[in-house]
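**Student:** coords please:
(chains A and B)
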2 protein chains.
Amino acid sequence: METRSLLRYVFLLISGLLLLLFTSTWLHLPYTPSDKADFLDCTKYSPWCTSKNRIQSKSGPDQTTTRKPNLRTQLPHHPLDPLTLQEITKTRSILLSHPPFSTTSSFTIHSLVLQEPDKPEVLTWKPGDPIRTRQASVIAILDNQSHILTVDLSSEKITRHDISSASGYPTMTIEDMTTATFAPLVDPIFNRTVRSRGVNLSDLACLPISLGWFGKKEENRRLIKVQCYSMEGTANFYMRPIEGLTVVIDMDTKEVVEISDRGRDIPIPKGADTDYRYAELKNKPLSMRPLNPISIEQPKGPSFEVEDGHRVKWANWEFHMKADPRAGVVISDAKVRDSDSGELRRVMYKGMTSELFVPYMDPTDAWYFKTYMDAGEYGFGLQAMPLDPLNDCPRYAYYMDGVFAAADGKPFVRENMVCVFESYAGEIGWRHAESPITGMGIREVRPKVTLVVRMAASVANYDYIVDWEFQTDGLIRIKVGLSGILMVKGSPYSNLNQVPDHEEMYGTILSENVIGVIHDHYITFYLDMDIDGADNSFVKVNLARQDTDPGESPRRSYLKAKRETAKTEKDAQIKLKLYEPSEFHVINPSKRTRVGNPVGYKVVSAGTAGNLLDPHDPPQLRGAFTNNQIWVTPYNKSEEWAGGLFVYQSKGEDTLAVWSERNRPIENKDIVVWYTLGFHHIPCQEDYPIMPTVSSSFDLKPVNFFNSNPILRAPPNLEKDLPVCTPAASA
Amino acid sequence: METRSLLRYVFLLISGLLLLLFTSTWLHLPYTPSDKADFLDCTKYSPWCTSKNRIQSKSGPDQTTTRKPNLRTQLPHHPLDPLTLQEITKTRSILLSHPPFSTTSSFTIHSLVLQEPDKPEVLTWKPGDPIRTRQASVIAILDNQSHILTVDLSSEKITRHDISSASGYPTMTIEDMTTATFAPLVDPIFNRTVRSRGVNLSDLACLPISLGWFGKKEENRRLIKVQCYSMEGTANFYMRPIEGLTVVIDMDTKEVVEISDRGRDIPIPKGADTDYRYAELKNKPLSMRPLNPISIEQPKGPSFEVEDGHRVKWANWEFHMKADPRAGVVISDAKVRDSDSGELRRVMYKGMTSELFVPYMDPTDAWYFKTYMDAGEYGFGLQAMPLDPLNDCPRYAYYMDGVFAAADGKPFVRENMVCVFESYAGEIGWRHAESPITGMGIREVRPKVTLVVRMAASVANYDYIVDWEFQTDGLIRIKVGLSGILMVKGSPYSNLNQVPDHEEMYGTILSENVIGVIHDHYITFYLDMDIDGADNSFVKVNLARQDTDPGESPRRSYLKAKRETAKTEKDAQIKLKLYEPSEFHVINPSKRTRVGNPVGYKVVSAGTAGNLLDPHDPPQLRGAFTNNQIWVTPYNKSEEWAGGLFVYQSKGEDTLAVWSERNRPIENKDIVVWYTLGFHHIPCQEDYPIMPTVSSSFDLKPVNFFNSNPILRAPPNLEKDLPVCTPAASA
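**Tutor:** Numbers count the residues shown, from 1 in each chain, chains lettered A, B, ... in the order given. Reported below is the predicted structural model:
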């Protein structure tokens, strides 16, 4: 047994190394799990072996009238269009001819994306105009230093080359993450430990876990912690942790720095009934009446167009969208058509997920460091996998690909990473029926149809569904859904009645020997609002109780609205308060409606959670951008990432919280609003073995932006216009 | 001109009185605006003239497989089925043979509904069993006294007859409301005042406004305030207030008690572009790309059944639903099928809208009293009008009628008052894709389909859309949408730049001479949770920061969950706190999951608003049930209406807040949870002339109720099963 395992391990190691060599010169083949080009049978052996395949899914059905552009020949058509395949290749070749990159191959590309032109250039551009400036922004690591470069694609010159002196490192490459999961296997102690826990090395599945920053011991080299699971008997290895075993790896040298094993007495949970794949479950009883097929149908096609793959036009909205390896989806230059004048009016110059912060609430050895910053550490877009047509997005969705650069600077395609679709849920846009009191017999109701831009990032176990939902009434809803699989902890207990102190479990017992550990999720959005122009102000409209004077009124109290314009950043560090309610308006102080109100949009919170950690706790220093729900900063091209440009192992000296403390003027300036959506998550058994989606959202909502309801003239649904449908032929 | 108006007024008055006489013996004709039976041409003359028609709409298209029962022959099939047409008629005739009702006709029936049997009788009943007990609960006013009666329909006896000694009066009848709007017309001063404001009496539309309670002056008789509008040139008369003119009417004698006119200097707003009817607007330009038809399609039909018009079976849910004149929709005996055992498990015995509270924030003469309690004063169900098929509810909806009693005790039918439909918005039930880190090539996604029970109450200007949404994962979402038309205030100002003090406007200028007054909405729900049985406990699971001891961990802090069971009512008076977060569980302390967690459901708040009024303000004494967001009381059959049984003009001595102060034991008891959903509304121009829907919701969510995710085995959407659709023939 020992010998067989050792042989298998050697085979695995050699195969893995061969695969590494092979893939670095690979063509970008579509991903197919049974592809003959794989050296390893990945359905049988360790799961990470296919991760270098630069995965491409099969295309979804293209039921839209808009055709996807051909990526092989795609040219930029808009100043904000992401770098094309050719442009990435060109950037790489310019870089490779530039010292020191021309003289060594021992560097890795951590980011290679469009350097967006300055706002005025973008805003003055019109369809048909030439695209003047194309620049790439590159972040590379060479000799443990982070290089920041700007590559001008017209002049083929490098116009900026700086070396970062900040504490953090760039976003990991996918290659960093996957090779980290191999690395422990070179260590015999690790392998013995795994086997002593009853796990075959061939059943091992390991995860690379960012380790945050907890002091000097972990500084000055790129470290990562690796924890492993048994995938014996289930695809859902997350539910079978080898608890307490943590390996610290140097990401650059691949060496094992430290092994900690404090879980010897904790059994590997059995993982019974944890597989969630339909192929495994479809013959098991469902325990409920089956649902008849139901579908959002638009046989005349969707009502939106996607020009050149990026410019979306729908109802009264026009905007640009692109995939980004760090942010996921970026919405730019969103404009809405005025219902009176017919003109397109600017609302938001750029909106995106800037950073996430996911602290787990367990201070013990194998858990304390789990304080993920998924965008800056893992790449929120890099982790966004191809969407599943008909399930991730309904029929008639349009799918957009992401084009990203690998660690070697070569481009790869993440197909169907983003979808766009119209949604109708039976909701009501507006309605009024005259009541029996007036008896006027009026009943006017308008259906509510929206346009959704969606992506789903799978940051290892968790799945984040991010929706940008546009409404015809001018509202933009930004919604985050959490699904996927919990990060769980092995436990000696199989029933709560064995647990001596329930509070010391750090979570909920979900199944025999499985604890769902309490954690928070914070998702921080960058919202560069430009209401009818760049110069805007941020106004708090506070509702406060006003007591009446004696004799003034039979009422003793009422609520009064008081407006207060934020002068500087500290005026706009907002902690939401249920009992000191305010509206938060971004207004254009230079433009008023017909009756004199400043035009604006408001940020409307829905359910959210506040961060309660000690602000001096090391993770909270790094996640300090979650100290408030709302911040407002003056526009600064270099302040886009709330946790800092270099987040990995950073000490938190470059966060939104630090920038905001500079207290710069923000009145009548080009301002950026930051909103953090929070969730406290105490797991429950319903989250096991895979979590039903939990969602929350916030809105950007017109407030005296229009002179009146912009959908007053929207038509109702009429029977004669609706589709004629029959059951599927298979039925 | 004066003479013509006077003649018209006399004609109106006589016609109105004739109509009153005529309708009291009327058959229940379907409502048609141009019905020849109308004496008045209501499209031309005052709008309220048809309000006595006991409106019935045309039926919606019946696309469900479930047939609506024939109301003329309908018998009760379940102990909770509402009174049938025949039972209402029988109740009336029993009542009319009982003194003092047998000797006078000068009484009015304010409520005549099923007196629900005791819980054990309902819970032991099985389909096919005889319905043993049928009783009617009647509230009638006679000689200014409120009589409470129980009529036993089997024995044909009155088994209870009490006279209320409480301060308040019963819910108004529709007849109270409509006759109040006529009443000012007998007063020459009123008529002169109206004409002096430039309004023809024939253009007058008046509203009956509950006046709350503000001291002795208004006690001991049923009073109402009437305010009027001009409907000249628009169906949206609400936007043309005759500001400052308030008439106090005695509802029983119909006499004018007092006229206050403090608005002589305020012009009637012109009301340009305020009509919202499609017939008036369809030829005006839309200012946006038109949307192609979009529809939720289920050509194999919906997946739910409605047995005998009231018992809904869908997916893993079964529940009873009925229409109620006060609550609107009542959901009873909701049970969900266990995904392991297949057994139906009890979740909620009864859920309904118990009361609303809508205080306006203007202390001046014509506004201070606007502090509506729409369920207890107006009847939330009485104001729920027929739904508009295809717009209020999508295709394949099932429509349920309400059968209510009029003031004379005769039954009438509110057709299509409630709809039931399946919704699919492209949302995701759960998903997981393996990330590039593991590269396992797994992508499993399940679509989310829900079942919605909807009604829409039009309490004069405002429309409340109430949804009970059932999810297959066991969650119940209760959602309230606000739409309809603002209650606005006339103003001398046509532009904000004329207003000397913006804070003294009590609202926002929406259009020339129109102010949208700030107000709150609170909707309080009665939720008799019965988790696997009646005896439950209420547990707060508080998340609080725990600081680590020195040397314990590199972390300084984390969040720890602490469970605390509420012993008595005061332990469960909950004000939600963003920075002292808790989960609120209703558990069955006698039942545990396989791994030992108590089975439960949690109340999950989303966006809401807290009430900030002075607790000693007279309206807040009456609306004291909004002092907390959550309350828990022991089950008590007489405690169903959070503002008290008799709300109209009550002093607030019978509210949930008063009951809760008794501090009764609630641990391991049959308990009722009360949740209040709040909205602060600072109007904006987009709300003019009709408001885009604003929604909020809260959830009842399983928490360790199931052993694991109950929708693990749900199937994905497959192309082969989906409908085949073509554009409509008309397209």
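**Student:** tell me, how many neighbours does A:His78 end up with?
**Tutor:** 20 (other CB atoms under 10 Å in any protein chain shown). Every C-beta, even on glycine, is put in place using the N, C-alpha and C of the backbone.
**Student:** If you could redo that for A:Ile259, that was the one I meant.
**Tutor:** 15.
**Student:** got the contact list for A:Ala728?
**Tutor:** A:293, B:720-724 (CB atoms under 8 Å, 6 or more residues apart in numbering or on different chains).
**Student:** Just the strands from the stretch 1-150 of chain A, written as ranges.
**Tutor:** A:107-115, A:135-142, A:145-152 (DSSP state E, counting those that start in this stretch).
**Student:** Take these and write them to TSV, including distance to A:Glu503.
**Tutor:** Converted to TSV, those look like this (distance: least, CB to CB, whole Å):
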stretch	distance to A:Glu503
strand A:107-115	41
strand A:135-142	43
strand A:145-152	42
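**Student:** Which stretch among these is buried most, on average?
**Tutor:** The highest mean neighbour count among the strands of the stretch 1-150 of chain A, using mean count of other CB atoms under 10 Å in any protein chain shown, belongs to strand A:107-115: a mean of 22.
**Student:** Quick check: nearest residue in space to whichever residue of the stretch 501-650 of chain A sits closest to chain B, chain neighbours excluded?
**Tutor:** Residue nearest to chain B within the stretch 501-650 of chain A (CB to the nearest CB): A:Gly596, separated by 3.1 Å. For A:Gly596, ignoring the flanking residues on the chain, the nearest one in space by CB to CB, 6 or more residues apart in numbering or on different chains is B:Leu496 at 3.1 Å.
**Student:** Let me know the pLDDT of A:Asn709.
**Tutor:** If you check A:Asn709, the pLDDT there is 98.
**Student:** contacting residues for it?
**Tutor:** Contacts of A:Asn709 (CB under 8 Å, 6+ apart): A:339, A:430, A:473, B:686-692.
**Student:** and those residues, which of them are in helices?
**Tutor:** Per DSSP state H, helices hold no members of the contacts of A:Asn709.
**Student:** Just the ones in strands from those, please.
**Tutor:** A:430, B:691-692 (DSSP state E).
**Student:** circling back to that earlier point, in contact with the residue nearest to A:Gly596, which residues?
**Tutor:** A:592, A:595-597, B:502, B:509.
**Student:** Select, from the contacts of A:Asn709, the two members most distant in space.
**Tutor:** Largest separation among these by CB to CB: A:Ser339 and B:Met691, giving 14.9 Å.
**Student:** can you pull the contacts of A:Asp614?
**Tutor:** A:620, B:545, B:547, B:556-557.
**Student:** and it, that one's in a helix?
**Tutor:** No - counting by DSSP: H, G, I helix; E, B strand; the rest coil, A:Asp614 is not found in a helix; it is coil.
**Student:** That one and A:Thr89, how far apart?
**Tutor:** Noted for A:Asp614: a distance of 48 Å to A:Thr89, by CB to CB, to the nearest Å.
**Student:** on that earlier part again, next, the residue of the stretch 501-650 of chain A closest to chain B: phi, psi?
**Tutor:** phi 100, psi 0 (degrees, to the nearest 10).
**Student:** cool, A:Ser202 as well?
**Tutor:** Torsion angles, degrees, to the nearest 10, at A:Ser202: phi -70, psi -10.
**Student:** How many residues are close by it?
**Tutor:** 16.
**Student:** how near is it to A:Phe190?
**Tutor:** For A:Ser202, the distance to A:Phe190 equals 15 Å [CB to CB].
**Student:** what's the answer for A:Arg662, then?
**Tutor:** For A:Arg662 relative to A:Phe190 (CB to CB), the value is 46 Å.
**Student:** again, but for A:Asp501
**Tutor:** In this view, A:Asp501 and A:Phe190 are 32 Å apart by CB to CB.
**Student:** do A:Ile630 as well
**Tutor:** 46 Å.
**Student:** Which residues are in contact with the spatially most central residue of chain A?
**Tutor:** In chain A, the centroid-proximal residue (CA atoms, centre = their mean) is A:Phe380; its distance is 4.6 Å. By CB under 8 Å, 6+ apart, the residues touching A:Phe380 are A:326-328, A:353, A:356, A:374, A:457, A:459, A:464.
**Student:** Return only those of these found close to chain B.
**Tutor:** A:Val459 (CB under 8 Å from any CB of the partner chain).
**Student:** want to try TSV for the contacts of A:Phe380, with pLDDT as columns?
**Tutor:** As requested, the contacts of A:Phe380 are arranged in TSV below (pLDDT from 0 to 100):
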residue	pLDDT
A:Arg326	98
A:Ala327	98
A:Gly328	98
A:Thr353	98
A:Leu356	98
A:Asp374	97
A:Ala457	97
A:Val459	93
A:Tyr464	98
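**Student:** In strands only, show me the contacts of A:Phe380.
**Tutor:** A:328, A:353, A:356, A:457, A:459, A:464.
**Student:** what's the most distant pair in the residues you listed?
**Tutor:** A:Thr353 and A:Val459, at 11.7 Å, using CB to CB across the ones in strands among the contacts of A:Phe380.
**Student:** So between the two, which is more surrounded?
**Tutor:** Higher neighbour count among A:Thr353 and A:Val459: A:Thr353, with 27 against 22, using other CB under 10 Å.
**Student:** list the contacts for the more buried one?
**Tutor:** A:327-329, A:375, A:380, A:466, A:523-526.
**Student:** Looking at these, which are in helices?
**Tutor:** Among these, no residue falls in helices (DSSP H).
**Student:** who wins for most neighbours among the residues you listed?
**Tutor:** A:Ala375 (31 neighbours).
**Student:** Now do the same contact list for A:Leu612.
**Tutor:** B:543-545, B:559, B:579, B:581.
**Student:** Farthest pair within those?
**Tutor:** The most widely separated members of the contacts of A:Leu612, counting by CB to CB, are B:Leu559 and B:Tyr579 (11.7 Å).
**Student:** okay, the two: which has more neighbours?
**Tutor:** A direct count of neighbours by other CB under 10 Å for B:Leu559 and B:Tyr579 places B:Leu559 higher, at 23 against 13.
**Student:** tell me the SS of the more buried one?
**Tutor:** strand.
**Student:** Now do the contacts for it.
**Tutor:** With the criterion set at CB under 8 Å, 6+ apart, B:Leu559 makes contact with A:361, A:518, A:520, A:612-613, A:680, B:543-546.
**Student:** will you turn the residues you listed into TSV that also has secondary structure and pLDDT?
**Tutor:** Shown next, in TSV, are the contacts of B:Leu559 (DSSP: H, G, I helix; E, B strand; the rest coil; pLDDT from 0 to 100):
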residue	secondary structure	pLDDT
A:Met361	coil	98
A:Ile518	coil	98
A:Asp520	strand	98
A:Leu612	coil	98
A:Leu613	coil	98
A:His680	strand	98
B:Leu543	strand	98
B:Ala544	strand	97
B:Arg545	strand	98
B:Gln546	strand	98
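**Student:** closest to A:Glu307 among these?
**Tutor:** Closest to A:Glu307, out of all of the contacts of B:Leu559 and judged by CB to CB, is A:Asp520, at 39.8 Å.
**Student:** so how many other residues sit close to that closest one?
**Tutor:** 25.
**Student:** Am I right that it is in contact with A:Thr608?
**Tutor:** No - at 10.9 Å, A:Asp520 does not count as touching A:Thr608 under the criterion of CB atoms under 8 Å.
**Student:** Which residues are in contact with each of those two?
**Tutor:** A:678-679.
**Student:** Contacts only, for the residue lying closest to A:Asn391 once chain neighbours are set aside.
**Tutor:** Spatial nearest neighbour of A:Asn391, excluding adjacent residues (CB to CB, 6+ apart): B:Val445 at 3.7 Å. If you count contacts by CB under 8 Å, 6+ apart, B:Val445 has them with A:388, A:391-392, B:428, B:430-431, B:433, B:716.
**Student:** Considering those residues, which possesses the most neighbours?
**Tutor:** Going by other CB under 10 Å, A:Asp392 tops the contacts of B:Val445 with 29 neighbours.
**Student:** Quick check on the closest residue to it other than its chain neighbours: phi, psi?
**Tutor:** Nearest non-adjacent residue to A:Asp392, counting by CB to CB, 6+ apart: B:Val445, 5.1 Å away. B:Val445 adopts backbone torsions of phi -140, psi 140, taken as degrees, to the nearest 10.
**Student:** Thanks again, I'm all set now.
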